[in-house]
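**Student:** give me a model of this one.
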Amino acid sequence: MTPSPSESAAGEVSPRLAQLAGGVLLVLACACVVVALLVLRSFRAALPDPLALTLVGVPLLAAASLAMAARARPGRRVLLSTTAIGVVVALYVMDVVVALTPSLARPTENAARQAAAARGGAFDERSYSEIVDSVAAVRGEAFPAGAMALLQRHTRATAPPILPFGGVANAAHVLCRESGTQPVYDSDEHGFNNPRGLWALDSLQVAALGDSFTHGLCVPAESGYVALIRQRYPATLNLGIVGEGPLYELATLREYLPRYRPRAVLWFFYEGNDLSDFEVEKVDPVLPRYREEGFRQGLLERQPLIDSLVRAAYRERRAPPPRPAQPVARPSAMRRRARALYVTLRQTVALGHLTDMYSSTLREAVGLRARADAAGAAGLAGRCCDLAGFEDVLRRAKATTESWGGTLYFVYMPGYDFYSPPHIRQKETRQRDRVLAAARHAGLPVIDLDEAYRAHGDPHSLFYHPNSHLNPEGQRVVANAILARLAK
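**Tutor:** Numbering: from 1, shown residues only. As a prediction, this is how the structure comes out:
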């Protein structure tokens, strides 16, 4: 039988070249194993999610294939190693492209930029801190609304520690820029996103509890769904704060609402992170105590202290690092250039720009960005979801609301991912039926916004872009659904 051209070529390959090709394939196989381990470390909290297993399995499969290729016939070994080298070179070229195109490495920001362009609006290219500083220069002071939950967690210097739920009273707060620009609102007398004067009322008609969606992130203050509800019910108080989960909401209800006895309390549950927030909150030194009857911090009477603590926490976070007590010899210009070169080479060798982009994209697009990272930092990785504990929190909130004759409504808020293909939904999104069952079992009237979203026709169009907050149209849809239910 006449040998094929490839087999003839194989016979002409020198042993040294074949050995070198085998070594290259084995090195690349080891690199794939390292990639698999890094992916496993990054997404371990999402296991055993099928997509997480796939992201770990693909590089392992590639490693096995490369190792087998290293034992192939000499000609094919050289061909495969050449192909593999070409793929690696292409990856490094892509890394350089990403490095020279910053918007590619920040997909969320780029999505906001594209959304703004589609609406014919401008995109504010300044950083968040630059915008906050520019507002402060005009108003005297300003705070980032998106960082309020972090600032709250840095106000534990008192004895006993105090955990505030609102922000600084009567101050400018800068929202996020998912719309392309960053709206600013003036907080009320207790640091929440309300017009001033509501706290002087004897009673309320409606109160809203929730996280960043209820807070009104990324939309002008007058466009948020709580503000739209207030147009029908003027005595409506918004107690939503970014980052709050079930225990925060129970605590906020018990601290602020008994004096005002609202007839309706809206508990907004966002499916994207409320359950994982609950896992983190359960190990907080203060929040679990709100499951005890009668526990209070007296926050309604302590606003001046809260203001001073949050201001101090913000100044501390913005302050430059302290200078060392002893002067430190400044590195020579040569050493500084060498250090900069080392950092650049390390980033390049690790395909840092490319991996950062895909890590961000995968975490957002396939639902593995889950707040499991935050839960894992607290030693809670993989624990989803404590529905029994969640139901207990709802029962306690219901009992507190009914103590003054009010009604607690459970409002289920689907996220953008819920309307994506099932295989890329977040783990928490898949708990929908169990969450709704827990709310109903706790005896709460349920408002499922999925019906309103679907009736609109295109649920995705209610968000600025994937993994964002609701746009003004989405806010209007939510408000109309709530008002229709309250009118019954």
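**Student:** burial count for the nearest residue to Arg196 once chain neighbours are set aside?
**Tutor:** Leaving out its chain neighbours, the residue that sits closest to Arg196 by CB to CB, 6 or more residues apart in numbering is Asp188, at 5.1 Å. The way it works is simple: take the backbone N, C-alpha and C, and place the C-beta from them, glycine included. By the criterion of other CB atoms under 10 Å, Asp188 has 20 neighbours.
**Student:** part of a strand, is Asp188?
**Tutor:** No - read with DSSP: H, G, I helix; E, B strand; the rest coil, Asp188 is coil and lies in no strand.
**Student:** which parts of the stretch 251-400 of the chain are strands?
**Tutor:** Secondary structure of the stretch 251-400 of the chain (DSSP state E, counting those that start in this stretch): strands at 264-270.
**Student:** for it, give me the ranges with low pLDDT.
**Tutor:** The model of the stretch 251-400 of the chain has pLDDT under 70 over residues 319-333, 336-337, 339-384.
**Student:** let's go with 50 and repeat that
**Tutor:** 360-382 (pLDDT under 50).
**Student:** residue ranges of the helices in it, please?
**Tutor:** 274-281, 303-318, 333-349, 352-365, 372-377, 387-402 (DSSP state H, counting those that start in this stretch).
**Student:** show residues contacting the next helix or strand after the last one.
**Tutor:** So the one you mean is helix 387-402. Using DSSP states H and E, the helix or strand that follows helix 387-402 in sequence is strand 407-413. For strand 407-413, contacts defined as CB atoms under 8 Å, 6 or more residues apart in numbering pick out 210, 213, 263-271, 394, 397-398, 401-402, 432, 435-436, 439, 442, 444-450, 478, 482, 485.
**Student:** and for stretch 481-488?
**Tutor:** Residues contacting stretch 481-488 (CB under 8 Å, 6+ apart): 206, 225, 229, 232-233, 264, 266, 409, 411, 445, 447, 449, 451-452.
**Student:** hey, which helix is longest across the protein?
**Tutor:** Determined from DSSP state H, the single longest helix within the chain is helix 15-43.
**Student:** where do the helices sit along the stretch 1-150 of the chain?
**Tutor:** 5-12, 15-43, 50-69, 74-100, 102-105, 107-118, 128-139, 148-152.
**Student:** just the buried ones among the contacts of strand 407-413, please.
**Tutor:** Among the contacts of strand 407-413, those classed as buried by 16 or more other CB atoms under 10 Å are 210, 213, 263-271, 394, 397-398, 401, 432, 435-436, 439, 442, 444, 447-450, 478, 482, 485.
**Student:** so what's the backbone phi/psi at Arg263?
**Tutor:** Dihedral pair for Arg263: phi -70, psi -30, per degrees, to the nearest 10.
**Student:** ok, now how distant is Leu247 from Leu266?
**Tutor:** Separation of Leu247 from Leu266 (CB to CB, to the nearest Å): 18 Å.
**Student:** kindly report the same for Val184.
**Tutor:** Val184 is 25 Å from Leu266, by CB to CB.
**Student:** who's in contact with the residue nearest to Leu66 when sequence neighbours are not counted?
**Tutor:** In space, and not counting its chain neighbours, Leu66 is closest to Ala29: 3.8 Å by CB to CB, 6+ apart. By CB under 8 Å, 6+ apart, Ala29 lies in contact with 62-64, 66-67, 70.
**Student:** buried ones among these?
**Tutor:** Looks like the contacts of Ala29 have 62-63, 66-67, 70 buried, using 16+ other CB under 10 Å.
**Student:** now compare these and name the two farthest from each other.
**Tutor:** Ala62 and Ala70 (12.8 Å; CB to CB).
**Student:** would you map out the domains in this protein?
**Tutor:** Domain ranges of the chain: 13-100, 128-316+376-486, per automatic domain parsing.
**Student:** single out the most deeply packed of those.
**Tutor:** domain 128-316+376-486 (a mean of 19; mean count of other CB atoms under 10 Å).
**Student:** coming back round to it: need the phi and psi values for the residue nearest to Arg196.
**Tutor:** phi -90, psi -160.
**Student:** from Ala36, how far out is the residue nearest to Cys32 when sequence neighbours are not counted?
**Tutor:** Spatial nearest neighbour of Cys32, chain neighbours left out: Ala63 (3.7 Å); criterion: CB to CB, 6+ apart. As for Ala63, its distance to Ala36 is 7 Å (criterion: CB to CB).
**Student:** just Glu271 next, same as before
**Tutor:** Taking CB to CB, one finds Glu271 at 30 Å from Ala36.
**Student:** and for Gly406?
**Tutor:** For Gly406, the distance to Ala36 - CB to CB - is 53 Å.
**Student:** kindly report the same for Val283.
**Tutor:** From Val283 to Ala36 the distance is 31 Å (CB to CB).
**Student:** same thing with Phe123?
**Tutor:** 37 Å.
**Student:** does Asn194 count as helix, strand or coil?
**Tutor:** Looking at Asn194 with three-state DSSP, the answer is coil.
**Student:** that one reaches Gly240, doesn't it?
**Tutor:** No - the pair Asn194 and Gly240 fails to qualify as a contact (CB atoms under 8 Å) at a distance of 10.1 Å.
**Student:** which ones are touching Gly406?
**Tutor:** 261-265.
**Student:** if you could redo that for Ser308, that was the one I meant.
**Tutor:** So Ser308 contacts nothing (CB under 8 Å, 6+ apart).
**Student:** dump the C-alpha coordinates for stretch 269-282 into PDB.
**Tutor:** Backbone C-alpha positions of stretch 269-282 (Å, rounded to 0.1, in the frame of the first residue of the first chain) are rendered in PDB as follows:
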ATOM      1  CA  PHE A 269     -38.000  40.400  46.900                       C
ATOM      2  CA  TYR A 270     -35.400  40.400  44.200                       C
ATOM      3  CA  GLU A 271     -34.700  36.900  43.000                       C
ATOM      4  CA  GLY A 272     -31.100  37.700  41.900                       C
ATOM      5  CA  ASN A 273     -29.500  38.000  45.300                       C
ATOM      6  CA  ASP A 274     -31.900  38.200  48.200                       C
ATOM      7  CA  LEU A 275     -31.400  34.600  49.300                       C
ATOM      8  CA  SER A 276     -27.600  34.800  49.200                       C
ATOM      9  CA  ASP A 277     -27.800  38.100  51.000                       C
ATOM     10  CA  PHE A 278     -29.700  36.300  53.700                       C
ATOM     11  CA  GLU A 279     -26.900  33.800  54.200                       C
ATOM     12  CA  VAL A 280     -24.400  36.600  54.700                       C
ATOM     13  CA  GLU A 281     -26.800  38.500  57.000                       C
ATOM     14  CA  LYS A 282     -27.200  35.500  59.300                       C
END
